[in-house]
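Undergrad: build me a structure from this.
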Amino acid sequence: MNKRMTITEVAEIVGISPKTIVRWEKVGKVRKAKRDWRGWRVYDEDDLESIKQFRETIVEV
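TA: Here you go, the predicted structure:
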């Protein structure tokens, strides 16, 4: 079962700000998050890995 995480949790794990994740979503660098019934972004482990991988490509440059 995939754990559901908030944008704040994902940002803390990856070491970036939630605003950075939102910006990456808006420009298409990472896929847009699913939303819960309140409209809040929710991420699963696949989303987390995708964001981690994108961040690593930036750090390597």
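
Undergrad: all strands for the chain, in order.
TA: 34-35, 41-42 (DSSP state E).

Undergrad: same for the last one, what does it pack against?
TA: It stands for strand 41-42. With contacts taken as 3 or more CB pairs under 8 Å, 6 or more residues apart in numbering; DSSP states H and E, strand 41-42 sits against strand 34-35. Bear in mind the C-beta positions are built from the backbone N, C-alpha and C, glycine included.

Undergrad: so what does the strand it packs on touch, helix or strand wise?
TA: strand 41-42.

Undergrad: what about this structure, any weak spots by pLDDT?
TA: Scanning the chain for pLDDT under 70 picks out the ranges 1, 60-61.

Undergrad: list the contacts of the longest helix belonging to it.
TA: If you go by DSSP state H, the chain has its longest helix at helix 45-60. The contact list for helix 45-60, computed with CB atoms under 8 Å, 6 or more residues apart in numbering, reads 2-3, 5, 10, 13-16, 21, 24, 29-31, 33, 43.

Undergrad: and these, which of them are in helices?
TA: Per DSSP H, the subset of those in helices is 10, 13, 14, 21, 24.

Undergrad: now the residues you listed as TSV including neighbour count and distance to residue 56?
TA: Output for those, formatted as TSV (neighbours: other CB atoms under 10 Å; distance: CB to CB, whole Å):
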residue	neighbour count	distance to residue 56
10	21	15
13	13	13
14	16	10
21	24	15
24	19	13
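
Undergrad: of all those residues, which two lie farthest apart?
TA: The most widely separated members of the ones in helices among the contacts of helix 45-60, counting by CB to CB, are 13 and 24 (14.9 Å).
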